[in-house]
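*Asks:* Build the 3D model from these lines:
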Amino acid sequence: MTRKSAIAAGIAASLSLGLIFGAAAAAGAEDYPSRPITMIVPLAPGGSTDTLGRIMAQAMRTTLGQTVVVENVAGAAGTIGVTRAERAEPDGYTVLWGMWGTNVANGAIYSLDFDFLKDFEPVALVATQPFLIDARKTMPANNLQELVAWLKANTDKATMGTSGVGSPSHVAGVLMENLVGVKWQMISYRSAGLATQDLLAGITDIQLDTPAVSLPHVKSGDLKAYAVTAKDRIAVAPDIPTTDEAGLPGFYFSFWHAMWAPKGTPKPIIAKLNAAIVTALDDPDTRKKLTDLAQVIYPREQQTPEGLHAFQKAEIEKWWPIIKAAGIKAE
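*Replies:* Predicted coordinates for the structure are as follows:
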């Protein structure tokens with residue numbers, strides 16, 4: 001065989017293999033999903049990320065025709081679970097339910113072996129939410145201005161629970177410290193749910209967390225809420241003032257949730273996963289569950305894989321310099 005004919009034979013073989021693998025991938029995507037899907041939630045049960053992930057997992061099964069099983073893989077502010085998802089088989093049977101902290105902030109805090117934008121396939125951008133500034137029910141302050149005064153008078157003993165180093169609650173806490181002009185002790189937990197348990201017990205003093213986590217306790221009288229970190233009041237708690245109204249103008253903070261799949265997951269499978277999320281977000285019952293937790297659902301044009309990629313890229317460019325300037329580091 002001449003060198004030229006050998007090269008031609010090699011090219012032909014490569015093309016044949018490509019066609020075979022392409023046909024196999026297409027066939028697999030056509031049958032997808034044929035078994036349950038695992039949704040990795042990279043935080044412990046009880047926080048808003050877990051709550052929202054379970055709502056979406058339940059809603060997606062109708063379109064997919066398969067159960068979506070939530071697996072909580074907590075640790076290191078979500079980096080363990082995100083790494084698990086990044087290393088999973090790209091067959092559509094493992095997806096990642098993540099958020100601003102796990103898929104933006106952690107890249108500025110931890111040394112990771114992957115790239116958020118290059119090593120995941122974006123599926124869909126779902127919803128965003130503000131925080132509540134709340135405190136133990138025995139806190140003497142009755143409004144935000146009194147709380148700020150109490151913090152300034154008790155900097156040596158004031159404590160704030162967070163859901164981990166670099167988590168949204170931690171970053172928001174640092175931004176609040178900078179705005180108030182004093183520092184207090186940050187106590188890291190493995191999830192917002194665990195942090196809230198100690199706030200309810202009076203072990204910690206204050207917290208920045210989502211309405212999904214704290215609002216039921218505020219309504220029951222077990223926690224005090226002073227403000228929502230947004231420009232507008234939230235529909236599910238219209239009596240709670242905004243930070244502008246309560247005396248901490250300009251202090252806004254919200255964070256979002258989305259879904260990704262491992263890099264290399266076939267596009268037809270990504271399309272099916274995206275369709276399941278879009279259909280779920282169009283469902284009135286699912287929408288109500290989300291809006292009852294103070295979620296703002298993104299418009300349809302941002303729910304695409306391309307929309308999520310562009311949004312996440314912009315968030316990384318915005319927040320990494322802020323987080324690094326604040327000196328937030330992994331413990």
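*Asks:* If the residue nearest the centre of the chain is in a bridge, with which residues?
*Replies:* Among the residues of the chain, the one closest to the centroid is Met99, at 1.8 Å (Cα atoms, centre = their mean). For Met99, the beta-bridge partners are His257 (DSSP bridges).
*Asks:* In this structure it contacts Ser254, no?
*Replies:* No - using Cβ atoms under 8 Å, Met99 makes no contact with Ser254, being 10.9 Å away. Yep, even glycine has a C-beta here, placed from its N, CA and C like the rest.
*Asks:* Can you list the buried residues in stretch 287-299?
*Replies:* By 16 or more other Cβ atoms under 10 Å, the buried positions in stretch 287-299 come out as 287, 289-290, 293-298.
*Asks:* then it to PDB, C-alphas only?
*Replies:* Below are the C-alpha coordinates for stretch 287-299, written out as PDB (Å, rounded to 0.1, in the frame of the first residue of the first chain):
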ATOM      1  CA  ARG A 287     -44.600  29.000  39.000                       C
ATOM      2  CA  LYS A 288     -46.700  29.500  42.200                       C
ATOM      3  CA  LYS A 289     -44.400  27.300  44.200                       C
ATOM      4  CA  LEU A 290     -41.400  29.400  43.100                       C
ATOM      5  CA  THR A 291     -43.000  32.800  43.400                       C
ATOM      6  CA  ASP A 292     -44.300  31.800  46.900                       C
ATOM      7  CA  LEU A 293     -40.600  31.500  47.800                       C
ATOM      8  CA  ALA A 294     -39.900  35.000  46.500                       C
ATOM      9  CA  GLN A 295     -38.300  33.700  43.300                       C
ATOM     10  CA  VAL A 296     -38.300  35.900  40.100                       C
ATOM     11  CA  ILE A 297     -38.400  33.600  37.100                       C
ATOM     12  CA  TYR A 298     -36.200  34.700  34.200                       C
ATOM     13  CA  PRO A 299     -37.900  35.500  30.900                       C
END
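*Asks:* before we move on, back to that, and the residue nearest to the centre of the chain, what is it in contact with?
*Replies:* Taking Cβ atoms under 8 Å, 6 or more residues apart in numbering as the criterion, Met99 is in contact with 49, 168, 255-258.
*Asks:* Can you flag the buried ones in those?
*Replies:* 49, 168, 255-258.
*Asks:* Could you list which of the buried residues of stretch 287-299 belong to strands?
*Replies:* Within these, residues falling in strands by DSSP state E are 296-297.
*Asks:* between the buried residues of stretch 287-299, which is closest to Pro268?
*Replies:* Closest approach to Pro268 among the buried residues of stretch 287-299 (Cβ to Cβ): Tyr298, at 23.3 Å.
*Asks:* Wait, that closest one touches Thr128, no?
*Replies:* Yes - using Cβ under 8 Å, Tyr298 is in contact with Thr128, at 7.2 Å.
*Asks:* Show me whatever sits in contact with both of these two.
*Replies:* Taking Cβ under 8 Å, 6+ apart as the contact rule, the neighbours common to Tyr298 and Thr128 are Trp256.
*Asks:* Now do Met56 against Ala85, distance only.
*Replies:* 15 Å (Cβ to Cβ, to the nearest Å).
*Asks:* does Val123 sit in a helix, a strand or a coil?
*Replies:* strand (DSSP: H, G, I helix; E, B strand; the rest coil).
*Asks:* Any idea how many residues pack against it?
*Replies:* 27 (other Cβ atoms under 10 Å).
*Asks:* show me what contacts Leu273?
*Replies:* Leu273 neighbours (Cβ under 8 Å, 6+ apart): 60, 64, 92, 95, 123-124, 259, 261.
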